[in-house]
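>>> build me a model from this:
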Amino acid sequence: MIEHEVQHDVIIEAKGISKDFTVGKNIIHALKNIDLEVRATDFIVIFGPSGCGKSTLFNTLLGLEKPTKGEVIVRDTKIYDMDEDDRAKFRSKKIGMVYQMPYWIKSLNVLENVAFPLIIEGLKEKEAKEHAKRVLAELDISSLAKQKPTQLSGGQQQRVGLARALVSKPWIIMADEPTGNLDTTNSDEVMSILNTLNTTMKKTILMVTHNPAYWSLGTRRIEMKDGEITKDTSK
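Sure, this is the predicted structure:
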């Protein structure tokens with residue numbers, strides 16, 4: 001069964017985050033002195049116009065984009081004090097990622113793809129597959145286990161992607177435009193799963209979306225403009 005754990009109140013803390021990019025002779029201020037606390041019970045929806053900085057903020061919180069100034073703390077760990085290898089290991093165990101376009105090992109079936117992150121961590125293949133089977137069952141997609149992910153519909157692939165994100169029992173699920181390539185029906189199903197993960201399975205969710213239909217979902221909405229958080233609203 002997917003772990004339903006009680007977590008500390010603040011799970012991610014960003015302090016004074018700024019991020020600058022140099023383009024030719026110009027400096028682009030992608031993030032401007034952002035302070036943000038993500039609580040364990042949060043389902044945060046981040047939105048705003050293209051170029052507002054939401055993807056940069058997302059990647060900075062994820063540990064992929066080192067800030068020019070400031071720090072990111074994930075449960076008392078300053079992630080940018082780590083080197084890249086240690087940060088990647090930390091991310092693989094503590095953060096489950098869901099992308100707009102899931103990436104698959106095409107030679108492996110669904111069960112093997114979901115189990116793969118555990119095998120990389122050093123778990124024996126048999127045990128990793130048992131964990132993967134339980135997660136597939138929790139998401140009601142056990143019937144897909146022996147199929148190749150590339151043979152599935154977009155909605156099925158995204159549900160498998162959620163299973164893979166959950167298999168390591170992460171503290172946080174971070175979703176980058178998870179419904180970007182889906183029709184309305186499949187998008188609604190994916191959002192329903194994310195909501196269940198937050199409300200029933202007590203997972204922290206942080207999602208970036210361009211879709212206005214989902215801006216009102218979750219427990220908290222963060223609107224960005226010009227590298228700053230302009231609104232942070234809780235339900």
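>>> would you map the helices across the protein?
54-62, 84-94, 110-120, 125-138, 154-166, 184-199 (DSSP state H).
>>> quick one: closest of those helices to residue 206.
With C-beta to C-beta, the closest approach to residue 206 among the helices of the chain belongs to helix 54-62: 7.0 Å. Yep, even glycine has a C-beta here, placed from its N, CA and C like the rest.
>>> go through that closest one and flag the buried ones.
Buried positions in helix 54-62, judged by neighbour count with 16 or more other C-beta atoms under 10 Å: 54-62.
>>> what's the closest of these to residue 115?
residue 62 (22.7 Å).
>>> pLDDT score assigned to that closest one?
Looking at residue 62, its pLDDT stands at 94.
>>> wait, it sits on residue 173?
No: applying C-beta atoms under 8 Å, one finds residue 62 not in contact with residue 173, separated by 11.4 Å.
>>> who touches both of these two?
95, 97 (C-beta atoms under 8 Å, 6 or more residues apart in numbering).
>>> tell me the bridge partners for the residue nearest in space to the middle of the chain.
By C-alpha atoms, centre = their mean, the chain has its centre lying nearest to residue 174, at 1.2 Å. For residue 174, the beta-bridge partners under DSSP bridges are residue 97, residue 206.
>>> quick one: contacts for it?
Shown in contact with residue 174 (C-beta under 8 Å, 6+ apart): 58, 61-62, 95-98, 205-207.
>>> what about it, distance to residue 53?
Separation of residue 174 from residue 53 (C-beta to C-beta, to the nearest Å): 16 Å.
>>> over to residue 171?
Residue 171 is 24 Å from residue 53, where distance means C-beta to C-beta.
>>> who has more neighbours out of the two?
residue 53 (25 against 20; other C-beta atoms under 10 Å).
>>> report the contact partners of that one.
By C-beta under 8 Å, 6+ apart, the contact list for residue 53 reads 19, 30-32, 224, 226-228.
>>> what subset of those is buried?
Buried members of these, counted by 16+ other C-beta under 10 Å: 19, 30-32, 224, 227-228.
>>> save those as CSV, and put in distance to residue 181 and pLDDT too.
Formatted as CSV, the buried ones among the contacts of residue 53 follow (distance: C-beta to C-beta, whole Å; pLDDT from 0 to 100):
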residue, distance to residue 181, pLDDT
19, 27, 97
30, 25, 95
31, 27, 97
32, 31, 97
224, 23, 96
227, 27, 96
228, 29, 97
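>>> what's the closest of these to residue 186?
Residue 186 lies nearest to residue 224 out of the buried ones among the contacts of residue 53, by C-beta to C-beta, at 26.4 Å.
>>> just for the protein, where's the confidence low?
Residue ranges of the chain with pLDDT under 70: 1-8.
>>> residue farthest from the centroid of it?
residue 25 (33.7 Å).
>>> list the buried residues for stretch 113-128?
Across stretch 113-128, burial judged by 16+ other C-beta under 10 Å covers 113-118, 123, 128.
>>> ignore the last one, stretch 99-108
99-100, 102, 104.
>>> tell me the contacts of the nearest residue in space to residue 155 that is not next to it in sequence?
Closest residue to residue 155 apart from its sequence neighbours, by C-beta to C-beta, 6 or more residues apart in numbering: residue 186 at 3.0 Å. Residues near residue 186 by C-beta under 8 Å, 6+ apart: 153-155, 158, 179.
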